[in-house]
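Student: sequence and predicted structure are below.
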Amino acid sequence: MIRVSCTMFLVVVEFLWLLRVSRADSQVSCIFMERCILPCSFHGSSEPVVHWFKTEGKLHVHSYYGDQDQLVIQHQRFRSRTSLFKDQVYRGNASLQLTEVNVQDEGRYQCYTSTISGNTEMFIILNVDAPVRKVDLQQVGQRITCSSEGIYPKPEITWSTSPSSSITNNKTTVHQTEQQLYNITSSPILPNSDMDLNYSCVVSTRRNRKSATFRQQGLVTESQSETIIHCSPSHTPVTNLIWRFDHSQIILTKTNSQYTVSEEWKQHVKDVSESGSLTLQDLSSDQEGTYTCELADAVEAKITNILVKINEGNSSNVGAIVGVVIAVIVVLGLLVTLLVLRNNQKCFFS
C-alpha cells in the first residue's frame, strides 16, 4: 500500500513538472535603447521575495526582499537600468522595468517569486528590435545606392522597377556595428536606355519595412519664364520635403507645415504646392543642373531627379525678333507719313 502511494505521488509530481516545463514562455518585443517591461505576476502577499535572472550565463538581474531592492550581486551589465513597481509588489506585480535596451539584453529571463503561500516561476523571452527608421536613395554617376542604418535583426533589401525590368550588376553589403546593429547598402547600375524607369528599394525586418522610390526625368525651360518642377505623386500626407540642387545644395525644406527657403534661392523660388511641386523664376545657366525632390511620410520616401536645361538662346532670339518687328513698323510708319506729305504738296500746288 505504501509502495502504491509513493508511486502515485511520483506520477503526480512528474505530471506537474511536465505541465510546468511545457508551458510556453512569454514573448516580449523591446525597441533598441528604449524602456521595456518584462511581465511577471504571482499571488500577492506580505514580505514577498523576487529574483530576476537571465538564464544564458545565469546573470543576476534584480532582487527584491525585505521591502527594498537588493542589488549587491547584480550583474554590472544591468546596473542603473532595472527597477520594480515597488508599490505594487505586495499585490502580486513583480514585473521588471528595463531601460536603454540593447542587443545584448536579448534572451530568456526567469522571474522567481516566493511568499508564505509558495514559490512561482515565470520565463520571458526578450526580443530586441531596432526598426527601419529611414531609407536613403542617392545617385552617383550611373549607380543608384539604397542604404539604411542601425537595424536589428539583420534586414533584407529588395528592388523592383515600374514598368517591370530586370536589375543587373546589383551589389549588396551588410555591416554589423559595435552595438551589433546592421547597416545595409545595395547599388545596381542604371542602364542608359532606361531613363523612364521608377526604381523602388524596400528594406524590411520582422518588425517593419520602409521603402524609397527613385525617378529620373528631363526638363528644358526658358531663362525668363516661370518653371514648375514636379515631385513624384504621393497618396498620403507629406510630412517632410527637401528640394536640393546638384544633390547637395538645399533649396528648401518642409517639416510638417513649415517651409524654409535657403537665402541664395529666395530670388528664384516663387511658390511650392501642397504636393511639393516647385515654381522657379528668373533662372539662368547658373541654375542649370539636377534638381532633387525628396518626399517622405511615415512609411515611404520618394526621390525624383529632374535634369533642368536652361535655354537662354531662345529668349534672346525672341527679343531680337520683337526688336526687328518694331523697327519695321517704325520704318513703314515713316514711309506712309512721307507719302501722305508728298501727296498733300501735289494737291496744294495744283
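Tutor: Arrived safely, thanks for sending. Numbers count the residues shown, from 1 in each chain.
Student: CA atoms for contacts and neighbours, from now on please.
Tutor: OK.
Student: helix/strand/coil for the most centrally placed residue in the chain?
Tutor: Residue closest to the average C-alpha location in the chain (CA atoms, centre = their mean): K134, at 2.2 Å. Assigned with DSSP: H, G, I helix; E, B strand; the rest coil, K134 falls in the coil class.
Student: give me every residue that touches it.
Tutor: Taking CA atoms under 8 Å, 6 or more residues apart in numbering, we find K134 in contact with S148, E149, K210.
Student: in CSV, list these along with secondary structure and neighbour count.
Tutor: Shown next, in CSV, are these (DSSP: H, G, I helix; E, B strand; the rest coil; neighbours: other CA atoms under 10 Å):
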residue, secondary structure, neighbour count
S148, strand, 22
E149, strand, 22
K210, strand, 21
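Student: how near is F32 to E56?
Tutor: 20 Å (CA to CA, to the nearest Å).
Student: more neighbours: the two, which one.
Tutor: F32 (22 against 10; other CA atoms under 10 Å).
Student: from what I can see the more buried one touches D129, true?
Tutor: Yes: here F32 reaches D129: they are 5.8 Å apart, a contact under CA atoms under 8 Å.
Student: circling back: nearest to I229, of the contacts of K134?
Tutor: Taking CA to CA as the measure, I229 lies nearest K210 of these, at 25.7 Å.
Student: what is that closest one paired to in the beta sheet?
Tutor: V203 (DSSP bridges).
Student: contacts only, for the nearest residue to V269 once chain neighbours are set aside.
Tutor: Nearest non-adjacent residue to V269, counting by CA to CA, 6 or more residues apart in numbering: L280, 4.8 Å away. L280 sits next to E226, T227, I228, I229, H268, V269, K270, D271 when contact means CA under 8 Å, 6+ apart.
Student: ok, now with 6 Å
Tutor: Applying CA atoms under 6 Å, 6 or more residues apart in numbering to L280 gives the contacts E226, T227, H268, V269, K270.
Student: can you check the pLDDT for the last one?
Tutor: We have a pLDDT of 93 for K270.
Student: any idea how far E226 is from it?
Tutor: Where E226 is concerned, K270 sits at a distance of 9 Å (CA to CA).
Student: just checking, R91 touches G44?
Tutor: Yes: applying CA atoms under 6 Å as the test, R91 and G44 come out as touching, 4.3 Å apart.
Student: could you check which of those two is surrounded by more residues?
Tutor: A count of neighbours by other CA under 10 Å puts G44 above the other of R91 and G44, at 19 against 15.
Student: could you grab the helix/strand/coil label for the more buried one?
Tutor: Going by three-state DSSP: G44 is coil.
Student: could you check how far V72 is from Y65?
Tutor: Taking CA to CA, one finds V72 at 12 Å from Y65.
Student: for the stretch 251-350 of the chain, which segments count as helices?
Tutor: Assigned by DSSP state H, counting those that start in this stretch, the helices in the stretch 251-350 of the chain fall at 312-349.
Student: contacting residues around R81?
Tutor: By CA under 6 Å, 6+ apart, the neighbours of R81 are L98, T99.
Student: check the one 3 residues further on too.
Tutor: Contacts here follow CA under 6 Å, 6+ apart; on that basis L84 touches L96.
Student: look up how far E149 lies from it.
Tutor: Per CA to CA, L84 is found 33 Å from E149.
Student: about what we covered before: how close does the residue nearest to the centre of the chain get to T279?
Tutor: Counting by CA to CA - K134 and T279 are separated by 28 Å.
Student: check E264 too.
Tutor: Taken as CA to CA, the span from E264 to T279 is 15 Å.
Student: of those two, give the one with the bigger neighbour count.
Tutor: Ranked by neighbour count (other CA under 10 Å), E264 and T279 place T279 first, with 16 against 11.
Student: what are the buried residues along stretch 27-40?
Tutor: Using 16 or more other CA atoms under 10 Å as the test for burial, stretch 27-40 gives C30, I31, F32, C36, I37, L38, P39, C40.
Student: shaky segments in the stretch 51-200 of the chain?
Tutor: 192-196 (pLDDT under 70).
Student: need the strands for it, in chain order.
Tutor: 59-65, 68-69, 82-84, 96-98, 107-115, 118-129, 136-140, 143-151, 156-162, 171-176, 182-187, 198-204 (DSSP state E, counting those that start in this stretch).
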